[in-house]
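>>> With the input below, show me the fold.
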Amino acid sequence: MSEVVIVGAARTPIGAFLGGLAPLAAPKLGAIAIRAALERSGVPLDKIDEVYMGNVVQAGVGQAPARQAALGAGLPQSVPCTTVNKVCGSGLKSVMLASSQILAGEARCIVAGGMESMSNAPYLARGLRTGLSLGEHRIEDANLVDGLVDAYGGGHMGLGGEKAAECCSLTREDQDRFAVRSYEKALAAQRSGAFDAEIVSVDVPGRKGAVRTVATDETPRETSLDALSKLAPAFKPGGTVTAGNASKLNDGAAALVVASTERARELRAAPLARVIAQGQYAREPDLFLLAPSGAITRVLDRAGWTIGSVDLFEVNEAFSGIEGVRRELAIPEEKFNVNGGAVA
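Sure, this is the predicted structure:
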């Protein structure tokens, strides 16, 4: 059976909410990442068999966001494209689908990634189609409805962060300390140039033909345990999750070029990494933050590895309560999100 390799990778800078990347819609950002990943891989545009791109807040983005991004990157009209919506896991699920398609023999070289512009999420006015009667009318934020609020219980994801922290006996100070470390690691990586090889700069059009270039992540900043400790709980009175120890609202995109080893050899594309195994796991909606424990356990079992045999772990920092996953699996701190994460 053929193995799966990654032969190209690129991401835009991570833009702050209503920040430097705000003028660009998600498919525009996706197109930039796809184009850069392909250029770096050396794979010709007409050798791509398929495209998968994750996108969560799709209200107002337009038909087939993944196809918009692919065509924006210059891919041929004949390339099939699929948009994946698995909330936080959308981009990585796209890569998993690409790997599975290649292993199944359905494709040989695929672009996979994710894209989001939370700055461009619209406000929603329900009921206008049939007409409104007397009284006030509610306007809803698509970022909340489509992205950040539990569709079943109606609670904000931050309440899930609170519940995960309680389940793992994490204090407010535990979470603030985790957040400070995330900021420190992200700033250190930024200053050392650790992200430079990943990032493709983005030219953002402005007024009167002016163009501003965004080349670095916008949200990492200096902070301290003392500063974070002064922030009020964001989601419930007496809670432990704050704006300082939760993840940011962001804009950005990333893309990989994924291929079979044979196809990579044919295209003379040098592998950057090899896919050893993949796995996924789900929890109750309000305990989503702890699902990585099950996914990590499952993928290690499939790979025949142990925690100790892994050099680095990258785990989504939706909230600082992800520290509970690190503790549950006994992952050494020096191996966990070494360049910071979404909290920063």
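
>>> Quick one: classify residue 159 as helix, strand or coil.
helix (DSSP: H, G, I helix; E, B strand; the rest coil).

>>> I'd guessed it sits against residue 234; true?
No: look at residue 159 against residue 234 with C-beta atoms under 8 Å: they stay out of range, at 10.0 Å. All C-beta spots, glycine's among them, are computed from the backbone N, C-alpha and C.

>>> What's the separation between residue 33 and residue 54?
12 Å (C-beta to C-beta, to the nearest Å).

>>> Common neighbours of those two, please.
Both residue 33 and residue 54 are contacted by 113, 115, under the criterion C-beta atoms under 8 Å, 6 or more residues apart in numbering.

>>> Report how many residues lie close to residue 63.
8 (other C-beta atoms under 10 Å).

>>> And it, what's its pLDDT?
At residue 63, the model reports a pLDDT of 98.

>>> Same check on residue 1?
pLDDT at residue 1 comes out at 66.

>>> do residue 134 as well
Residue 134 is given a pLDDT of 88.

>>> Am I right that it sits in a strand?
No: secondary structure of residue 134 (three-state DSSP): coil, not part of a strand.

>>> so where do the helices sit in this protein?
Ranges of helices in the chain, per DSSP state H, are 26-41, 65-72, 90-103, 142, 157-167, 172-192, 225-229, 261-266, 291-303, 323-329.

>>> nearest to residue 254, of these?
Closest approach to residue 254 among the helices of the chain (C-beta to C-beta): helix 26-41, 5.4 Å.

>>> Next, the buried residues of that closest one.
26-38, 40-41 (16 or more other C-beta atoms under 10 Å).

>>> Same check on stretch 256-273?
256, 257, 258, 259, 260, 263, 264, 267, 269, 271.

>>> Residues in contact with it: which ones?
Residues from elsewhere that reach stretch 256-273 (C-beta under 8 Å, 6+ apart): 2-9, 37-38, 41-44, 47-48, 95, 98-99, 102, 108-113, 275.

>>> out of the residues you listed, which are buried?
Buried members of the contacts of stretch 256-273, scored by 16+ other C-beta under 10 Å, are 3-9, 37-38, 41, 43, 47-48, 95, 98-99, 102, 108-113, 275.

>>> Out of the residues you listed, list just those in strands.
Counting by DSSP state E, the part of the buried ones among the contacts of stretch 256-273 found in strands is 4, 5, 6, 7, 8, 9, 109, 110, 111, 112, 113, 275.

>>> can I get those residues in CSV with distance to residue 204 and pLDDT?
Putting these into CSV (distance: C-beta to C-beta, whole Å; pLDDT from 0 to 100) gives the following:
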residue, distance to residue 204, pLDDT
4, 34, 99
5, 33, 99
6, 28, 99
7, 29, 99
8, 24, 99
9, 22, 99
109, 30, 99
110, 29, 99
111, 23, 99
112, 25, 99
113, 20, 99
275, 34, 98
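
>>> Could you single out the nearest of the residues you listed to residue 71?
Closest to residue 71, out of all of those and judged by C-beta to C-beta, is residue 111, at 12.1 Å.

>>> list the contacts for the closest one?
34, 37-38, 48, 50-53, 70, 75, 98, 255-258.

>>> what's the neighbour count on residue 82?
For residue 82, using other C-beta under 10 Å, the count is 17.

>>> and the gap between it and residue 101?
10 Å.

>>> Of the ones in strands among the buried ones among the contacts of stretch 256-273, which is the nearest to residue 337?
Nearest to residue 337 out of these is residue 9 (C-beta to C-beta; 18.0 Å).

>>> how close does the closest one sit to residue 37?
Taken as C-beta to C-beta, the span from residue 9 to residue 37 is 6 Å.
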